[in-house]
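*Asks:* Have a look at this prediction, sequence included:
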Number of protein chains: 2
Amino acid sequence: MAASTLTEVARLAGVSPATASRVLNGSARTPGKDIAERVRQAADSLGYIPNAQAQGLAKSSSGLIGLIVHDIADPYFAAIARGVQDAAREQRKMVLLATTGGGPAEEKDAVAAFAARRADSIVIAGSRSCRAEDQEGNAQLAAELDRYCRNGGRVAVVGHPVVGATALEGYHVIEVPNQELAGRLAADLAAGRDGDFVIIGGPEGLYTSDDRIRGFQEGLARAGHGPAEVLRSAFNRSGGYEAGLQLAARIKAAAAGDAAAPKMCIFAVNDVMAIGAAAALRSEGLRIPRDASIAGFDDIETLRDFRPALSTVRLPLEDIGRLATRATRPRPAGEDQDAAPAEAVTGEVTLRRSTEAAAV
Amino acid sequence: MAASTLTEVARLAGVSPATASRVLNGSARTPGKDIAERVRQAADSLGYIPNAQAQGLAKSSSGLIGLIVHDIADPYFAAIARGVQDAAREQRKMVLLATTGGGPAEEKDAVAAFAARRADSIVIAGSRSCRAEDQEGNAQLAAELDRYCRNGGRVAVVGHPVVGATALEGYHVIEVPNQELAGRLAADLAAGRDGDFVIIGGPEGLYTSDDRIRGFQEGLARAGHGPAEVLRSAFNRSGGYEAGLQLAARIKAAAAGDAAAPKMCIFAVNDVMAIGAAAALRSEGLRIPRDASIAGFDDIETLRDFRPALSTVRLPLEDIGRLATRATRPRPAGEDQDAAPAEAVTGEVTLRRSTEAAAV
DNA sequence: AAACAGAGGGAATGCGCTTTCCCAATTCGT
DNA sequence: ACGAATTGGGAAAGCGCATTCCCTCTGTTT
């Protein structure tokens, strides 16, 4: 027993497929009451489920939203995905998921796949990169997006515009004020602190990381501090851990030389890296915040119970996902196309125990 | 400029659409070398992307895998989703995501939506429930799955079979030995411990929770312990937190009466609840493992840096997602249909600091 | 009462692709 | 060397639905 079709429903109801279609999907032309009822009953008794593929083909729109993330198991992306999912439900659409591992080449493939499925819109989360090795991939991704938009697709990208992408109609960027917020975090941390600052950043060229580093340095400068040293590492927990090991050695050496050495303050460009670094310090016998302060960025929900509570910058990740998805929604006719206020994303510096001055 | 079609490619290459189709998707009949090359070049120069909807309609298969989770931002589901995603890539399919919040009614809607999109297979993660309030939803979900399978769809469900679902062809269950593992955990914890055991469980009727509770009690019994008291709460962090508050009060009362009172050992049926409970104890001034032991279940990756390190049962969540997805893969012809060994999922009791006997 | 507008239903077309089915041009057998 | 088997390509028929166009039937206008 194959799935039943509209034609079968129509036959059972004794009407034409056209009529059946009209009643079943609420077209502008509503057939007579009695007929409508007959059709509905027929559909019910057959357990009719419209074939979305056929509908999509006929209407050339699929009711699909494509979401591109680096890794769905990363809580940062998972939180955004939740927002996207939520907004998709509002629009009565389904979300197609693609995880790319972060490379623009894979992202380009994902866009192509979404285009093939005629996804109505695409949300790209995850950091853009301008590393040399990604240059070709970026160009291809930009070209693919370009084509997608030209064919009527709508795109929202979280954070930074795709490198090299021209601002087309239907191309939206949800700006995240990484730089400004990192600056504010630096200012708050710098107040009344005299130790060295060290930044654990991601690979050079990752915009999210670079923006946060730049912002932090600016904040430091405004507070009268010299620039912090920057350690480059992988943009994940183990990157943070490795950098943390290096710093632990350094801290211990400093403490050995001078027991009253000022405390180091570590800023990891995201929470997951910060947790990794904290784990590394701990494994070396150091305690936070007694031996060093540490701060992260994102305020990942799952990590809030971590002790010592991590100072960080709260980002409304779920809202970001929601906003991005909404940005791709076609404006109802009459609504000004450019009137979209593109609600600004704001974050909030959240100081917790991991950067408290008082020793344990 | 609308997306180019096969027909356009064919025209440009000077061949028929049939031929173009044959070369572009590697059908059994491979056209001549020179023609193939011409077609490929034409496709390239037009930037042709096949319309997956049309392909799906013609082939009646969509290359889609539907994934149903309660909440994609929950690290448990996120980890499974990663495995699913990975296996989907192996099969060159894309994954459609549906988050349901846990209700069978929503799950039924998701199955219907997947069926409408003609998803090749569906993976259902998340706990089954046999609560009275879910009875109707379960029946509907079972019926929907039934229909889906009958129409050739393949389903894999993680953990428990859907309540009321008949074992159809194409219906797979990835068994997770929750009960056995919980028993082993109990046995390990009970060894040389004389304090009371308390279980923080999810709502009654949630199979995952109930199985773990039952297993734990059995393990306790085998070790010569009496059954543990069971506290019911929500199956998430805040459920664990609330239960933790109750227990904290109790622990403090006991300590007040008798300073050498034996230490309570808490088993929360999943890690997230355990973390919540631990947070509650801490907020009440209690320390783990000094004032109480606590253990969870799942071994969520993001939570591994939590201190005190949480004793738990390691579940290969990503593998589970992968296995479930693979189970829905149609066997290559010739391979025995039932020969699928349905690789068993195994877990591992992982004792860490949170249940160490020695006080801090 | 005749002419007209409008409503409601059906036939037919097309969305883009796959896949028989069919036909012409080969190659092979003996 | 001639018919048979095979190869390689095209024409055409759907896949399941939305939608345009057309027709008929009813209700309205002068």
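*Replies:* Here it is on my side, so go on. Numbering: from 1, shown residues only, chains lettered A, B, ... in the order given.
*Asks:* Beyond the lengthiest helix in chain A, next helix or strand please.
*Replies:* Ranked by residue count, the top helix of chain A under DSSP state H comes out as helix A:237-257. Using DSSP states H and E, the next helix or strand after helix A:237-257 towards the C-terminus is strand A:264-268.
*Asks:* by contact count, what packs against that next one?
*Replies:* helix A:178-190, strand A:197-201, helix A:237-257, helix A:271-283, strand A:292-295 (3 or more CB pairs under 8 Å, 6 or more residues apart in numbering or on different chains; DSSP states H and E). All C-beta atoms are positioned from the backbone trio N, CA, C, and that covers glycine.
*Asks:* Tell me which stretches of chain A form helices.
*Replies:* A:6-13, A:17-24, A:33-46, A:52-59, A:75-90, A:104-116, A:135-150, A:178-190, A:207-222, A:237-257, A:271-283, A:317-327.
*Asks:* nearest spatial neighbour of A:P104, skipping sequence neighbours?
*Replies:* Counting by CB to CB, 6 or more residues apart in numbering or on different chains, A:G137 is the residue found nearest to A:P104 once chain neighbours are left out, at 3.3 Å.
*Asks:* Surely that neighbour and A:G101 touch.
*Replies:* No: the criterion here is CB atoms under 8 Å, and A:G137 misses it with A:G101 at 11.8 Å.
*Asks:* before we move on, the earlier item: quick check: mean pLDDT across the longest helix of chain A?
*Replies:* Taken as a whole, helix A:237-257 has a mean pLDDT of 91.
*Asks:* That one vs helix A:271-283, what angle?
*Replies:* 40 degrees (axes from the mean of the first three to the mean of the last three CA atoms, to 10 degrees).
*Asks:* Between strand A:197-201 and helix A:237-257, find me the angle.
*Replies:* 160 degrees.
*Asks:* Only the buried residues of helix A:237-257, if you could.
*Replies:* Buried residues in helix A:237-257, counted by 16 or more other CB atoms under 10 Å in any protein chain shown: A:237, A:239-245, A:247-248, A:251, A:254.
*Asks:* For these, could you give me JSON lines that also reports distance to DNA strand C?
*Replies:* Output for the buried residues of helix A:237-257, formatted as JSON lines (distance: CB to the nearest atom of the strand, whole Å):
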{"residue": "A:R237", "distance to DNA strand C": "42"}
{"residue": "A:G239", "distance to DNA strand C": "42"}
{"residue": "A:G240", "distance to DNA strand C": "46"}
{"residue": "A:Y241", "distance to DNA strand C": "47"}
{"residue": "A:E242", "distance to DNA strand C": "47"}
{"residue": "A:A243", "distance to DNA strand C": "49"}
{"residue": "A:G244", "distance to DNA strand C": "51"}
{"residue": "A:L245", "distance to DNA strand C": "52"}
{"residue": "A:L247", "distance to DNA strand C": "55"}
{"residue": "A:A248", "distance to DNA strand C": "57"}
{"residue": "A:I251", "distance to DNA strand C": "61"}
{"residue": "A:A254", "distance to DNA strand C": "65"}
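*Asks:* Look at the nearest residue to A:P75 once chain neighbours are set aside and report its pLDDT.
*Replies:* Excluding its sequence neighbours, the residue lying closest to A:P75 (CB to CB, 6+ apart) is A:I300, at 4.7 Å. In the predicted model, A:I300 carries a pLDDT score of 96.
*Asks:* Contacts only, for A:I300.
*Replies:* A:75-76, A:79, A:271-272, B:302 (CB atoms under 8 Å, 6 or more residues apart in numbering or on different chains).
*Asks:* and the gap between it and A:T350?
*Replies:* A:I300 sits 12 Å away from A:T350, going by CB to CB, to the nearest Å.
*Asks:* repeat for A:A142
*Replies:* The value you get for A:A142 to A:T350, if CB to CB is used, is 35 Å.
*Asks:* that older thread, top of the contacts of A:I300 by number of neighbours, please.
*Replies:* A:D271 (28 neighbours; other CB atoms under 10 Å in any protein chain shown).
*Asks:* what sits against it?
*Replies:* Per CB under 8 Å, 6+ apart, neighbours of A:D271: A:76, A:296-300, A:303, A:310, A:312.
*Asks:* With DNA strand D as the reference, measure out to it.
*Replies:* Per CB to the nearest atom of the strand, to the nearest Å, A:D271 is found 45 Å from DNA strand D.
*Asks:* Please name the residues that touch the nearest residue in space to that residue that is not next to it in sequence.
*Replies:* Excluding its sequence neighbours, the residue lying closest to A:D271 (CB to CB, 6+ apart) is A:G296, at 3.8 Å. Contact analysis of A:G296 by CB under 8 Å, 6+ apart lists A:267-275, A:303, A:310-313.
*Asks:* One more pass at 10 Å, please.
*Replies:* Going by CB atoms under 10 Å, 6 or more residues apart in numbering or on different chains, A:G296 touches A:185, A:200, A:240, A:266-278, A:303, A:306, A:310-313, A:350, A:352, A:354.
*Asks:* now A:P104
*Replies:* Contacts of A:P104 (CB under 10 Å, 6+ apart): A:111, A:126, A:128-129, A:131, A:133-142, A:144, A:162-164.
*Asks:* Buried ones among those residues?
*Replies:* Judged by 16+ other CB under 10 Å, buried ones among those: A:111, A:126, A:128-129, A:134, A:137-142, A:144, A:162-164.
*Asks:* Of the residues you listed, just say which sits nearest to DNA strand D.
*Replies:* A:V111 (24.8 Å; CB to the nearest atom of the strand).
*Asks:* A:G63 versus the closest residue in space to that closest one that isn't next to it in sequence, what's the distance?
*Replies:* Nearest in space to A:V111, with sequence neighbours left out and distances taken as CB to CB, 6+ apart, is A:E144 at 4.6 Å. Distance, A:E144 to A:G63, using CB to CB: 22 Å.
*Asks:* What of A:A125?
*Replies:* 21 Å.
*Asks:* which one of these two has more residues nearby?
*Replies:* A count of neighbours by other CB under 10 Å puts A:A125 above the other of A:A125 and A:G63, at 25 against 19.
*Asks:* thought that one was touching A:H70?
*Replies:* Yes: using CB atoms under 10 Å, A:A125 is in contact with A:H70, at 7.8 Å.
*Asks:* which neighbours do the two share?
*Replies:* Contacts common to A:A125 and A:H70, judged by CB under 10 Å, 6+ apart, are A:76-77.
*Asks:* Mind listing the shared neighbours of A:I300 and A:T350?
*Replies:* A:310, A:312, A:314.
*Asks:* could you measure the last one against chain B, distance?
*Replies:* In other words, A:R314. As defined by CB to the nearest CB, to the nearest Å, A:R314 lies at a distance of 16 Å from chain B.
*Asks:* One more: the first one?
*Replies:* Look at A:L310 and chain B: by CB to the nearest CB, they are 11 Å apart.
*Asks:* Setting the sequence-adjacent residues aside, check what's closest to whichever residue of the stretch 101-250 of chain A sits closest to DNA strand D.
*Replies:* In the stretch 101-250 of chain A, the residue that lies nearest DNA strand D is A:R118 (12.6 Å; CB to the nearest atom of the strand). Once flanking residues are discounted, A:R118 sits nearest to A:S62: 4.4 Å by CB to CB, 6+ apart.
*Asks:* count of residues packed around A:D120?
*Replies:* Around A:D120 there are 21 other residues, counting by other CB under 10 Å.
*Asks:* show me the residues around it that make contact.
*Replies:* A:D120 neighbours (CB under 10 Å, 6+ apart): A:56, A:61-66, A:91, A:93, A:114, A:152-154, A:328-330.
*Asks:* repeat for A:I122
*Replies:* Contacts of A:I122 (CB under 10 Å, 6+ apart): A:64-68, A:96, A:98, A:107, A:110-111, A:114-115, A:145, A:148-149, A:153-157, A:170, A:324, A:328.
*Asks:* Recalculate using a threshold of 6 Å.
*Replies:* A:66, A:114, A:155 (CB atoms under 6 Å, 6 or more residues apart in numbering or on different chains).
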